[in-house]
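Engineer: predicted model follows, preceded by the sequence.
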Amino acid sequence: MSKLLIAGTIAYDSIETPFEKADYTLGGAAVYIALAASQYPVDAAIVSVIGSDFEQDHLNLLGNKGINLEGVETIQDQKTFFWSGLYKNDMNSRETLTTELHALAHFNPVVPESYKNPKIVLLGNLDPTVQMSVLNQLSHKPELVILDTMNYWMIHTPDKLDAIIAKTDLLSINDEEARMLSGEYSLVKAAKNILKRGPKYLVIKKGEHGALLFHENEVFFAPALPLEEVYDPTGAGDTFAGGLSGYLSQIKNINFEHIKNAVVHGSNLASFCVEQMGVSRMVNLEREELVQRLRYFKKLTQFDIHLES
């Protein structure tokens, strides 16, 4: 199996939506990414940090999914990174109530020796300095470096962010972040601006409105699946990235056509993530459910049209 190295947060979240509230539930970008990637035949490892309060049952949960945890450091006498957020009726936006870094403030990533030559590296939303540290520890250039970031780093560490973007093959951000990063309102113009900075591919996520993929002069759009209920959007973007990277880990000689398929796989997995609070749905997701919904996705987007010459 190909190796996938995931750098990102492991956290405890408190989430409130119009439907439900969950306190101190398992979360963090690396957790959502890894759970999604574990649906594919890939040797995935997490590089992250936790506090001494992190429950062994949660480590066991990840380990039982085949996720390697050698790169997860425990800092004694520190708590695990904590985030709390509130969603109102508009589930496309949320209010961050609390962010407590705790152990994350002391994060100095150490990539395990056995994962210093991965096929794919997925750099989850972290300080660009930490992301660069992970890349600098690798023995060979990966076939694909995927980067996720956010507007906070665009505002506070723009130069460091530009440096890591220049080493990225695929950048995954949302539409608001794409506009901020590029200074362009048109997403087509924004994509052209961002692709000049180094990435070969750009994915712009638009929440319930799907995702756009840009590469050179080519554009691909994947819709989001229409769902009866969205209970909790937390982690949907990370789940998307996990599905995308998990799918690509099994592909030889990755190209634009493969990444188009990967975007669909990512969107498919994200549609499950939002159905329950926290990581609950991803923990219990069965392979057959995934395949069945992928068939539905194909049916939803496939059409035959006769074009007059």
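Structural biologist: All right, it came through fine.
Engineer: any idea whether Thr98 is helix, strand or coil?
Structural biologist: The three-state assignment at Thr98 reads strand, by DSSP: H, G, I helix; E, B strand; the rest coil.
Engineer: isn't it up against Trp83?
Structural biologist: Yes. Using CB atoms under 8 Å, Thr98 is in contact with Trp83, at 6.8 Å. (Each C-beta comes from the backbone N, C-alpha and C, glycine too.)
Engineer: pull up the overlap in contacts between those two.
Structural biologist: Ser14 (CB atoms under 8 Å, 6 or more residues apart in numbering).
Engineer: give me the more crowded residue out of the two.
Structural biologist: Taking other CB atoms under 10 Å, Thr98 and Trp83 do not tie; Trp83 has more neighbours (19 against 10).
Engineer: within its sheet, name the partner strands of the helix or strand where the more buried one lies and how each one runs.
Structural biologist: Per DSSP states H and E: Trp83 is located in strand 82-87. Sheet pairing here is set by DSSP bridges, and for strand 82-87 it gives strand 11-16 (parallel), strand 94-100 (antiparallel).
Engineer: need those strands in CSV with mean pLDDT, can you?
Structural biologist: CSV is the format used below for the strands paired with strand 82-87 (pLDDT from 0 to 100):
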stretch, mean pLDDT
strand 11-16, 97
strand 94-100, 92
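Engineer: would you mind finding the most buried of those?
Structural biologist: strand 11-16 (a mean of 23; mean count of other CB atoms under 10 Å).
Engineer: return the distance of that one from the chain's centre.
Structural biologist: Distance of strand 11-16 from the chain centroid (CA atoms, centre = their mean, to the nearest Å) equals 17 Å.
Engineer: I'd like to know which elements the helix or strand just after it is packed against.
Structural biologist: With elements assigned by DSSP H and E, the helix or strand that comes after strand 11-16 is strand 21-27. Judged by 3 or more CB pairs under 8 Å, 6 or more residues apart in numbering; DSSP states H and E, the packing partners of strand 21-27 are strand 11-16.
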